[in-house]
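K.L.:
please find the sequence and the predicted model below.
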Amino acid sequence: MFDFTKLKEEQLKLAKKVVLKDSFDKLELIGGADCAYNQDRVISAIAVCDYKTMELKEKVFAVSKAKVPYFSGFLAYREGPAISEAYAKLQHKPDVMIFDGNGILHPRRCGLASHLGILLEQASIGIAKQLLVGEVKGNKVYVEKEARAELVVTREHAKPIYVSPRHKISLKTSVEIVKNCMRFPHKLPEPLHLAHKYANEIKERIAKGELSEEVKL
């Protein structure tokens, strides 16, 4: 059994380190990180794009065994190791990262995006497809009277995504960046879409036995 009391305490400590001001010098490269699963393996993929053109500059992946089962609010402990391993492989470190997970839109203000943003010292944005916590008022999501996310409709007739700042970035800038990264007809910002696609490609290759055991483990 996992000691969730200790994990909650750690999240609360990390949340105090979250900076919600734009703290990056430039925005030339933007990355997206997403994960897929193959049995007990977490497959993390990162795609890095040119911010102006969305041209793909680099993509990497890493595979690790999931040591923590899925529990709502603790996704960073399950996917974080694989994402961190993939991030370490990047030759072109992005100025801002977009993660498939919440930023401060989290019961303890420390979702996967904030968690990894702090650990990697990386300006980061969180994207969620479902509302984990909070009350929607207009186009904002409030938790304890704090606006922690904004709803963004990225495609006609599609459900909105929830954009929340993770670390070293403001909510306003997070939304502006996400909107700039949209490319029709995709629902997700392009770097995240490409990362999602790549993670699933690696998953299929593992299932077909096209990758060696060394890569799989």
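P.N.:
Nice, I can see it. Because the structure is a prediction, the values reported are computed rather than measured.

K.L.:
could you pull out the strands for this protein?
P.N.:
Assigned by DSSP state E, the strands in the chain fall at 29-38, 41-50, 56-65, 96-100, 124-128, 135-137, 140-143, 146-152, 161-167.

K.L.:
just checking, what packs against the shortest one?
P.N.:
In terms of contacts (3 or more CB pairs under 8 Å, 6 or more residues apart in numbering; DSSP states H and E), strand 135-137 is packed against strand 140-143. Placement of C-beta: from N, CA and C, glycine included.

K.L.:
need the contact partners of the strand it packs on.
P.N.:
When contacts are defined by CB atoms under 8 Å, 6 or more residues apart in numbering, strand 140-143 is touched by residues 105, 107, 131, 133-136, 147-151, 162, 164.

K.L.:
buried subset of those residues as a PyMOL selection?
P.N.:
Listed next is the PyMOL selection for buried residues among the contacts of strand 140-143, using 16 or more other CB atoms under 10 Å:
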select buried, resi 105+133+134+147+148+149+150+151+162+164
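
K.L.:
quick revisit: among the strands of the chain, which is nearest His193?
P.N.:
strand 29-38 (7.2 Å; CB to CB).

K.L.:
related to what we said a few turns ago, let's have the strands of the chain in a markdown table, adding distance to Lys13 and mean pLDDT.
P.N.:
Shown next, in a markdown table, are those (distance: least, CB to CB, whole Å; pLDDT from 0 to 100):
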| stretch | distance to Lys13 | mean pLDDT |
| --- | --- | --- |
| strand 29-38 | 23 | 95 |
| strand 41-50 | 24 | 96 |
| strand 56-65 | 24 | 95 |
| strand 96-100 | 20 | 95 |
| strand 124-128 | 18 | 92 |
| strand 135-137 | 26 | 92 |
| strand 140-143 | 19 | 93 |
| strand 146-152 | 19 | 92 |
| strand 161-167 | 14 | 87 |
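
K.L.:
export the ones you listed to CSV and tack on distance to Ala86?
P.N.:
Below are those laid out as CSV (distance: least, CB to CB, whole Å):
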stretch, distance to Ala86
strand 29-38, 7
strand 41-50, 4
strand 56-65, 4
strand 96-100, 11
strand 124-128, 14
strand 135-137, 33
strand 140-143, 29
strand 146-152, 25
strand 161-167, 17
